[in-house]
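**Q** Have a look; sequence and predicted model below, questions after that.
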Amino acid sequence: MKTYKAIFFDWDGTAVMSRKAPAEEAVAAMKPLLEKGVKLAVISGTTYENIAGGAIERYFTEKELENLYLGLGRGAYNYAFKGGKPYVFSHCIPDKEVLEKIHRICFEIHMELKNRYGFNTDIVFSRPNYCKIDLMVENNRGDNLFMQENELELLKESLKAHGIDGGLQALIDLSHKKAADFGIKVAPTCDAKYLEVGISSKSDNADTIFTHLQEELPGLMPQDCSFWGDEYVGIEEGIFGSDSFMCTKITKDGDFFDVSDVPGERPHKVQVLGGSVQTFLDFLGKQAGEA
Ligand SMILES: [Mg+2]
């Protein structure tokens, strides 16, 4: 297999089965690559506290950490390590005024869905630069935060049953429309359970970290990088999952791999490997052997 100078990957559902699952296998697979100077970038919607027990640095030496990056909070924070400690080298955190607008936009989306369609949602407000609107309030993922096999169908049926004919695109359009009312632009995304509305996405993490890596590895090309996730699959035509946001104008010539077996359309660049977390960990193992 081709060897990569940099590997970008999602965390929940790609490197670990769930947030509460032990991170030992993942960090054991990452360690030899970091030691050899391969750049690893965790690109996750979650925050630092939810990656490997909130202190991923404790698994690695100072030298290894110099090759580790985390792009978290759906574009909000980009971390590197210095002297064995994490620091934010770039962020996309709105000021108080813009954050308040994001909250109000999401409340407006919630009210419109409720009043017009009788469609219930819950909103998580505590994220640093976006809100998470739960579209499947009856369907609890429990500890498994990644997309379940039948969720797409359940959501589509639920939208239709409530008279929301435009499907997920209608929710994306509604988000843009409500944001325009407040005079800001948003980057709404959705998987089969959550509509997330904020000012950045995994695209910002991927671009920022890739550009940062180019400074450290002059001549680094997207072709030297691979991008791994478990949520590339399309919710419906033209709307792909959160990991597809790693594929941007800047990174698009990289190699993109999906470890999910969920049937459906992916962006055409994405190679579907399936096999879940084990496929990704095996890949890291092979890269370490060849690097
Ligand atoms: Mg995932």
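**A** Looks like it came in fine.
**Q** How far away from the center of its chain is stretch 46-57?
**A** 15 Å (Cα atoms, centre = their mean, to the nearest Å).
**Q** How far does it stretch from one end to the other?
**A** 17 Å (Cα to Cα, to the nearest Å).
**Q** likewise stretch 237-250?
**A** In stretch 237-250, first residue to last residue: 23 Å (Cα to Cα).
**Q** Wondering if that stretch reaches the ion at all.
**A** No. On the criterion Cβ under 5 Å from the ion, stretch 237-250 is out of touch with the ion, staying 6.6 Å away. All C-beta spots, glycine's among them, are computed from the backbone N, C-alpha and C.
**Q** Neighbours of the nearest residue to residue 167 once chain neighbours are set aside, how many?
**A** Spatially, and ignoring its direct neighbours in sequence, residue 167 is nearest to residue 236 (5.0 Å; Cβ to Cβ, 6 or more residues apart in numbering). Neighbour count for residue 236, taken as other Cβ atoms under 10 Å: 17.
**Q** Could I get the contacting residues of residue 236?
**A** 156, 167, 168, 169 (Cβ atoms under 8 Å, 6 or more residues apart in numbering).
**Q** Of those residues, grab the buried ones for ChimeraX.
**A** The following ChimeraX command selects only the buried members of those, with burial defined by 16 or more other Cβ atoms under 10 Å:
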select :156,167,168
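**Q** between the contacts of residue 236, which is closest to residue 85?
**A** Within the contacts of residue 236, the smallest distance to residue 85 is 40.3 Å, found for residue 168 (Cβ to Cβ).
**Q** Now that closest one: closest residue in space that isn't a chain neighbour?
**A** Counting by Cβ to Cβ, 6+ apart, the residue nearest residue 168 is residue 235, at 4.6 Å.
**Q** Count the neighbours of that neighbour for me.
**A** Around residue 235 there are 25 other residues, counting by other Cβ under 10 Å.
**Q** Which of the three states applies to it?
**A** Under DSSP: H, G, I helix; E, B strand; the rest coil, residue 235 falls in the strand class.
**Q** wait, it sits on residue 190?
**A** Yes. Counting by Cβ atoms under 8 Å, residue 235 touches residue 190, with 6.1 Å between them.
**Q** what do those two both touch?
**A** Both residue 235 and residue 190 are contacted by residue 168, under the criterion Cβ under 8 Å, 6+ apart.
**Q** coming back round to it: let's see which of the contacts of residue 236 end up in helices.
**A** Here DSSP state H is the test, and those give 156, 167, 168, 169 as lying in helices.
**Q** The ion: which of those residues is nearest?
**A** Of all the ones in helices among the contacts of residue 236, residue 168 has the smallest distance to the ion: 17.9 Å, by Cβ to the ion.
**Q** Contacts only, for the closest one.
**A** With contacts defined as Cβ under 8 Å, 6+ apart, residue 168 is in contact with 155, 159, 190, 235, 236, 239.
**Q** one more time with 10 Å, if that's ok
**A** Contact analysis of residue 168 by Cβ atoms under 10 Å, 6 or more residues apart in numbering lists 135, 152, 155-156, 159, 188, 190-192, 195, 234-239.
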